[in-house]
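Participant: okay, predicted coordinates and the sequence, questions at the end:
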Amino acid sequence: MAGPLRTAEPSAPPPAPGGRRGGLSGYLLLLPGGVWLALFFVVPTATLVATSLYDPSGSLQLGYRMTGHVQNYADSLQDYAPQLVRSFVYAGTATLACVVLGFPLAYAIAFKAGRWKNLMLVAVIAPFFTSFLVRTLSWQYILGDNEALVSFLRAVRVLGEDGHLLATPFAVVTGLTYNFLPFMVLPLYASLEKIDHRFLEAAADLYSSPFTAFRTVTLPLAMPGLVAGTLLTFIPSAGDYINSELLGNPQTRMVGNEIQDLFAAGDYPTASALSVTLMAAIVLLVFVYVRRSGTEELV
Amino acid sequence: MSQESAPQGAGADLVLSGLTKRFATFTAVDDLDLRVPQGSFFALLGPSGCGKTTTLRMVAGLEEPTAGTITLGTDDITHLKPYKRPVNTVFQSYALFPHLSIAANVAFGLRRRGRKQVAEDVERMLDLVELTGLADRRPAQLSGGQQQRVALARALINQPRVLLLDEPLGALDLKLRRQMQIELKRIQTEVGLTFVHVTHDQEEAMTMADTVAVMNAGRIEQLGPPEVLYECPATTFVANFLGQSNLVAGRVVGGSGVSGGGDGGDVVLDVHGATVRADRARAVVAQGDVWVGVRPEKVVLAPAGVAPPEPAGNCLRGGVVSDVSFVGVSTQYLVRMPWGQELTAFSQNSGHHERLRTGAAVDLHWSPAHTFCLDASQDAAAGVEPEDR
């Protein structure tokens, strides 16, 4: 900043002296993250894609041969298309449920909680202190046939005489919703909390009823949080298999269950092909979604 | 305090009566009575915390009054929801919607009232505030001054019966502020709406407003045209907050006439042994102990014993110049009086008289017509701003 500045333009600052060294230190700082990403993302992804093209007649004991066997994809899709579709339906439903439950919660924490705000945030995060498995297992009890909830629902005739909740699609979606709800609430809260109260006063001043102000000001300003929240719930839900495993039945199997079984059975090529298909489908869906919701700056 | 009741037909005047706002422990606005004539540029002036913004927010409907009423013409709007009031606000921080374009911001109010065709109005409004061509930008892409204009356009387009301005120029730098003051005044004249402008900047209030109400501690100290407030302050607070004043303890010794006369004769005062006169019309108190006041720029300094260039009338002798500061258009002197008080005098640098030096013995001369008398029971330092100029 020593040189004389001709104008007081606040725009681009003058290039720092020794900019090359500045650039180098930037790359050095990127190094640890870059190495991490290469080791634990790029290499495994490449391996996964490679494995998906192996000759399926091989086995762990005999070894696999790389034959560029694209047929693996067609075979896996033919066998597991229903599970793939079901995964997206369940994940979509759970994400929707998370929005319906999470938005009012995040809104209440951001605007109405007052001094309880921090306590409520802790309560949202608190489930993470117990293991994912334990939390999901506990739903077996909550939804169990001999437990209070089912008895009550049978008594009020919401459920039939021998109706049950456990081992149904409902139980799986409930589990997904429960497990991923915090990932919806936290980004939504962050977005809502940032909204300046004065925008709402300005909206009221400009003839907006509270509902109109919510629709025209609060909601659009909360969109980044809503998009982030839906991505953070949808993506892991679509790949999840624990909830289906513990709360579902053979007819509720999701693609994650099949992938897990295939890997366990040693059919690596098919498992890999299915994984890559799932990944590609998610990336495609997310891409379309983010483009449509007009929040590209998020990604 | 001395309030002028606005005369003539009150078609759509904004009237506040007995307006009070109490928060948990303190009273922000205390039994306020105010009439803002239709079409006037009205300024609520006061230091921060005096209740002026709370008053404005009650008119906007953003704050519920504890007591009192707000009427617009014949309509009682005291308890109307903000979105049902024919009143719009230019917020201090502008509060422009960051997710909307400039055009959408300006059109916001019209759209909420169900207007479909807004493009023409928006364009006309952007022309008025001289932002033609920026319709598609986002607020964040505009400078502070431009955002201020957008906020103004967004409120004005609705043609409110009263436009409220909450320190609208507070965030702008000095030069831009001066420019916007003139601009705002022009726009107000052009659209002819009632403007209620809240500010702590006395110069801003005096430049723009037809009527200024000086507020202090939730009440109105004095209300009137800027010249009247400046020349005839009714309280020590107004005398000090609006410009600067020399206030010297004095006692009425004659000419008070005890409510007699009416010919506007002078009040005769004793000030630390000297006899000075004050215009009767400008004496709020004309009996007993008073604060005798005169504005610094009305005081002429002359070397001790020398008659001033222009005959003045009042004279205090025995001063010693204790500080001289040259500020370009004028020179500001501090003069220590025999009784220990320091008085201020501003002298125009017109080149007619010589500059005085520190330590010079001087007499202070000024005219009885420029003298005012205030209640001696008031604090002589009320309304003095620490950072004043």
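Facilitator: That came through fine. Numbers count the residues shown, from 1 in each chain, chains lettered A, B, ... in the order given.

Participant: every contact and neighbour count from this point should use C-alpha atoms.
Facilitator: Fine.

Participant: can you list contacts of stretch A:134-154?
Facilitator: The set of residues external to stretch A:134-154 that reach it, using C-alpha atoms under 8 Å, 6 or more residues apart in numbering or on different chains, is A:127, A:159-161, A:163-166, A:171, A:175, A:179, A:242-243, A:246-247.

Participant: B:D210: which of the residues you listed is nearest?
Facilitator: For B:D210, the closest of the contacts of stretch A:134-154 turns out to be A:P127, at 63.3 Å, with distances computed as C-alpha to C-alpha.

Participant: chain neighbours aside, what residue packs nearest to whichever residue of the stretch 51-200 of chain A sits closest to chain B?
Facilitator: Per C-alpha to the nearest C-alpha, the residue of the stretch 51-200 of chain A with the smallest distance to chain B is A:F199, at 5.4 Å. When the adjacent residues along the chain are set aside, A:F199 lies closest to B:A95, with 5.4 Å between them (C-alpha to C-alpha, 6 or more residues apart in numbering or on different chains).

Participant: try B:L223
Facilitator: B:L223 sits nearest to B:A213 (C-alpha to C-alpha, 6+ apart), 4.2 Å away.

Participant: surely that neighbour and B:C50 touch.
Facilitator: No. Using C-alpha atoms under 8 Å, B:A213 is not in contact with B:C50; the gap is 11.8 Å.

Participant: more neighbours, those two?
Facilitator: Neighbour count, other C-alpha atoms under 10 Å in any protein chain shown: between B:A213 and B:C50, B:A213 has more, with 26 against 21.

Participant: what sits against the more buried one?
Facilitator: Counting by C-alpha under 8 Å, 6+ apart, B:A213 makes contact with B:42-45, B:220-224.

Participant: for chain A, which residues are neighbours of chain B?
Facilitator: In this structure, chain A approaches chain B at residues A:198-199, A:201-202, A:204-209, A:217, A:220-221, judged by C-alpha under 8 Å from any C-alpha of the partner chain.

Participant: residue ranges of the helices in chain B, please?
Facilitator: B:52-60, B:102-112, B:119-128, B:144-156, B:174-191, B:202-208, B:226-231, B:236-241 (DSSP state H).

Participant: need the contact partners of the third one.
Facilitator: Which is helix B:119-128. B:103, B:106-107, B:132, B:135, B:150, B:153, B:156-157, B:187.

Participant: what residues sit buried inside it?
Facilitator: With burial defined by 16 or more other C-alpha atoms under 10 Å in any protein chain shown, the residues of helix B:119-128 counted as buried are B:122-123, B:125-126, B:128.

Participant: between it and helix B:144-156, how many degrees?
Facilitator: Note on geometry: by axes from the mean of the first three to the mean of the last three C-alpha atoms, to 10 degrees, helix B:119-128 and helix B:144-156 are set 140 degrees apart in direction.

Participant: gap between helix B:119-128 and the chain center?
Facilitator: Taking the mean C-alpha point of helix B:119-128 and that of its whole chain, the gap between them comes to 32 Å (C-alpha atoms, centre = their mean, to the nearest Å).

Participant: low-confidence ranges in the chain?
Facilitator: I went with chain A, as the question did not name one. Confidence mapping of chain A against pLDDT under 70 gives the ranges A:1-22, A:294-299.

Participant: that's the other chain; I wanted chain B
Facilitator: Filtered on pLDDT under 70, chain B yields the residue ranges B:1-11, B:256-264, B:311, B:386-389.

Participant: ok, back up a step: who's in contact with the residue of the stretch 51-200 of chain A closest to chain B?
Facilitator: With contact taken as C-alpha under 8 Å, 6+ apart, A:F199 is in contact with A:217, B:95-97.

Participant: pick out whichever of the residues you listed sits closest to B:P303.
Facilitator: For these, the minimum distance to B:P303 (C-alpha to C-alpha) is 56.4 Å, reached by B:A95.

Participant: for chain A, what's its nearest residue on chain B.
Facilitator: B:Y83 (3.8 Å).

Participant: so B:H365 bridges to which residues?
Facilitator: On DSSP bridges, the residues paired with B:H365 through beta bridges are B:V300, B:C315.

Participant: hang on, isn't it packed against B:C315?
Facilitator: Yes. Judged on C-alpha under 8 Å, B:H365 makes contact with B:C315 at a distance of 4.5 Å.

Participant: report how many residues lie close to residue 172.
Facilitator: Here I'm looking at chain A. Around A:V172 there are 30 residues (other C-alpha under 10 Å).

Participant: my bad, chain B
Facilitator: As a measure of burial, B:L172 has 15 neighbours, counting by other C-alpha under 10 Å.

Participant: show me what contacts it?
Facilitator: B:144-145.

Participant: quick check: the residue of chain B closest to chain A touching A:A202?
Facilitator: No. Judged on C-alpha under 8 Å, B:Y83 makes no contact with A:A202 at a distance of 9.6 Å.

Participant: so which of those two has more stuff around it?
Facilitator: Taking other C-alpha under 10 Å, B:Y83 and A:A202 do not tie; A:A202 has more neighbours (27 against 24).

Participant: sorry, back to before: contacting residues around the residue nearest to A:F199?
Facilitator: A:198-199, A:202, B:151.

Participant: can we see that at 10 Å?
Facilitator: A:196-203, B:139, B:147-148, B:151 (C-alpha atoms under 10 Å, 6 or more residues apart in numbering or on different chains).

Participant: ok, now A:L285?
Facilitator: Going by C-alpha under 10 Å, 6+ apart, A:L285 touches A:88, A:235, A:279, A:291.

Participant: how close does it sit to A:V99?
Facilitator: Distance from A:L285 to A:V99, counting by C-alpha to C-alpha, to the nearest Å: 18 Å.

Participant: quick one, helices of the stretch 101-250 of chain A?
Facilitator: A:117-125, A:132-142, A:148-155, A:169-194, A:197-205, A:210-213, A:219-239, A:242-247 (DSSP state H, counting those that start in this stretch).

Participant: quick one: those helices as JSON lines, columns for distance to B:L176 too.
Facilitator: As requested, those are exported to JSON lines (distance: least, C-alpha to C-alpha, whole Å):
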{"stretch": "helix A:117-125", "distance to B:L176": "41"}
{"stretch": "helix A:132-142", "distance to B:L176": "59"}
{"stretch": "helix A:148-155", "distance to B:L176": "67"}
{"stretch": "helix A:169-194", "distance to B:L176": "30"}
{"stretch": "helix A:197-205", "distance to B:L176": "24"}
{"stretch": "helix A:210-213", "distance to B:L176": "32"}
{"stretch": "helix A:219-239", "distance to B:L176": "31"}
{"stretch": "helix A:242-247", "distance to B:L176": "62"}
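
Participant: burial measure for residue 293, as a count.
Facilitator: Defaulting to chain A. Counted with other C-alpha under 10 Å, the burial measure for A:S293 works out to 12 neighbours.

Participant: that answer is for a different chain, and I need it for chain B
Facilitator: B:G293 has 23 neighbours, counted by other C-alpha under 10 Å.

Participant: how about the strands in the stretch 251-389 of chain B?
Facilitator: Taking DSSP state E, counting those that start in this stretch to define them, one finds strands in the stretch 251-389 of chain B at B:266-271, B:274-279, B:289-294, B:300-303, B:314-326, B:330-336, B:342-348, B:361-366, B:372-375.

Participant: pick the most deeply packed of these.
Facilitator: strand B:372-375 (a mean of 27; mean count of other C-alpha atoms under 10 Å in any protein chain shown).

Participant: just the C-alphas of that one, formatted as CSV.
Facilitator: Extracted in CSV, the C-alpha atoms of strand B:372-375 (Å, rounded to 0.1, in the frame of the first residue of the first chain):
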residue,chain,number,x,y,z
PHE,B,372,-33.6,36.4,25.5
CYS,B,373,-34.6,35.5,29.1
LEU,B,374,-35.2,32.0,30.3
ASP,B,375,-36.4,30.5,33.5
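
Participant: report all helices and strands that it contacts.
Facilitator: Judged by 3 or more C-alpha pairs under 10 Å, 6 or more residues apart in numbering or on different chains; DSSP states H and E, strand B:372-375 is in contact with helix B:236-241, strand B:246-254, strand B:266-271, strand B:274-279, strand B:289-294.

Participant: can you lay out the ones you listed as TSV showing distance to chain A?
Facilitator: Rendered in TSV, the data for the helices and strands packed on strand B:372-375 read as follows (distance: least, C-alpha to the nearest C-alpha, whole Å):
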stretch	distance to chain A
helix B:236-241	30
strand B:246-254	42
strand B:266-271	52
strand B:274-279	48
strand B:289-294	43
